[in-house]
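Participant: how does the following fold in three dimensions:
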Amino acid sequence: MDNENPIEVKQRTRTEITLKQLRKNRTAMVGLGMLIVIFILCIGAPIFAPHAPDDVDLDRGLKPGFWSKDGIAGYPLGTDNLGRDILSRLLYGGRVTLSVGFVALAFALVAGTLLGLTAGYKGGIIDSALMRIADILFAYPALLLALVVAGTLGRGIDKAMLAIGIVYTPQMARIIRSAVLSIKEMEYIEAEHSLGASDWRIVFKHVLPNSLAPLIVYSTLMLATAILDAAALGFLGVGAQPPSPEWGLSLSIARKYLVTGAWWAATFPGIAILISVISLNMLGDGLRDALDPRLKGGTKI
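Facilitator: The predicted structure is shown next:
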């Protein structure tokens, strides 16, 4: 214990403080619990789903669920226009919608981090050029820009992933750049320079690790928005394509039956999207509070 690296001890202490603060945040814990349940249900869809997602039977189309005496046994949330089990399609559709959000976030995270590190650390004309491009992209609403990119690339779930990732890359780059601009002026960075450390060593050993706090918080909130945009692209017909059970596509197909009284076909996919986004926002808010040094009695990160 006496030979432990002071930097490692300090890092572990900061992590313990952050986790302790997070555990005290009831809102974040509720959001995390909701997310865990959603992930378990969606990942275990082959186990929990009572039917195959594409099990079609027109004779049982648009039948209500457990709340009605006209419901069919074994279909607790009712059926859609093709007689497919809504509960099963929700579970399988969650795998599609959530995967789009995660893949898009991963793309934006990697690309945005590299661009933000380059712009913030190098500065000068590189910083100006990258940030001006980001400013141009910021001039357009995220969903509209994603729709344009997806329309250009073509329809399909893979195109939707790429489109959303491209749209959120400038935002991630801006977050990283802001953190890097303040970190690179720290005394220990100047000391590394004076000792002859390479830029690669400084960036990946000191600058990037100390930029993780805002990155983690913003990634959580961005994931919620990415999932919402994935559902929106599916709803507008440029994301997932039939017969995919993706939530946005299911909502788009079912909306026309609202006027016929079959409200459940559109309501439950909408509720699934709502719960997923709310739980991620709750967790993101808790992470922000736990990682914000101003809310920790002056503890520095």
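Participant: C-alpha only now, for contacts and for neighbours.
Facilitator: Noted.
Participant: roughly how far out does stretch 161-168 sit from the chain middle?
Facilitator: 12 Å (CA atoms, centre = their mean, to the nearest Å).
Participant: shaky segments in the protein?
Facilitator: Within the chain, the set of residues satisfying pLDDT under 70 comprises 1-15, 193, 292-301.
Participant: residue contacts, the residue nearest in space to the middle of the chain?
Facilitator: Ranked by distance to the mean C-alpha position of the chain (CA atoms, centre = their mean), the top residue is residue 223 at 1.2 Å. Going by CA atoms under 8 Å, 6 or more residues apart in numbering, residue 223 touches 101-102, 105, 280.
Participant: among these, who's most crowded?
Facilitator: residue 105 (29 neighbours; other CA atoms under 10 Å).
Participant: got the buried residues for the helix or strand containing it?
Facilitator: Assigned by DSSP states H and E, residue 105 belongs to helix 86-122. Across helix 86-122, burial judged by 16 or more other CA atoms under 10 Å covers 86-109, 111-121.
Participant: and stretch 187-205, by the same measure?
Facilitator: 189, 202-203.
Participant: number of nearby residues for residue 84?
Facilitator: 24.
Participant: got the angle between the helix or strand that contains residue 233 and helix 86-122?
Facilitator: Per DSSP H and E, residue 233 falls inside helix 212-236. Interaxial angle of helix 212-236 relative to helix 86-122 (axes from the mean of the first three to the mean of the last three CA atoms, to 10 degrees): 130 degrees.
Participant: what's the helix or strand following helix 212-236 in contact with?
Facilitator: Sequence-wise, the next helix or strand downstream of helix 212-236 (DSSP H and E) is helix 247-254. Around helix 247-254, the neighbours that count as contacts under CA under 8 Å, 6+ apart are 80-81, 90, 93-94, 97, 230-237, 239-242, 265-267, 269-270, 272-273.
Participant: and the next helix or strand after helix 247-254, what's buried?
Facilitator: Next along the chain after helix 247-254, taking DSSP H and E as the criterion, comes helix 264-291. Buried residues in helix 264-291, counting neighbours by 16+ other CA under 10 Å, are found at 264-266, 268-270, 272-273, 276-291.
Participant: cool, and stretch 210-220?
Facilitator: For stretch 210-220, by 16+ other CA under 10 Å, it's 210-211, 213-220.
Participant: okay, now stretch 243-263: how far is its last residue from its first?
Facilitator: One end of stretch 243-263 sits 20 Å from the other (CA to CA, to the nearest Å).
Participant: in that stretch, what counts as buried?
Facilitator: For stretch 243-263, by 16+ other CA under 10 Å, it's 244-255, 257, 262-263.
Participant: how far does the helix holding residue 233 sit from the chain's center?
Facilitator: Per CA atoms, centre = their mean, the centroid offset for helix 212-236 relative to its chain is 3 Å.
Participant: cool, stretch 95-112 as well?
Facilitator: Its chain's average C-alpha position is 7 Å from that of stretch 95-112, according to CA atoms, centre = their mean.
Participant: kindly report the same for stretch 270-290.
Facilitator: Centre-to-centre, stretch 270-290 and its host chain are 10 Å apart (CA atoms, centre = their mean).
Participant: the residue nearest to residue 155 when sequence neighbours are not counted: neighbouring residues, count only.
Facilitator: Leaving aside its sequence neighbours, residue 155 sits nearest to residue 238 (CA to CA, 6 or more residues apart in numbering; 4.7 Å). Residue 238: 24 surrounding residues under other CA under 10 Å.
Participant: same check on residue 151?
Facilitator: 18.
Participant: which residue, other than its chain neighbours, is closest to it?
Facilitator: In space, residue 151 is closest to residue 238, 6.6 Å off (CA to CA, 6+ apart).
Participant: check contacts around that neighbour.
Facilitator: Listed by CA under 8 Å, 6+ apart, the contact set of residue 238 reads 147, 150-151, 154-156, 160.
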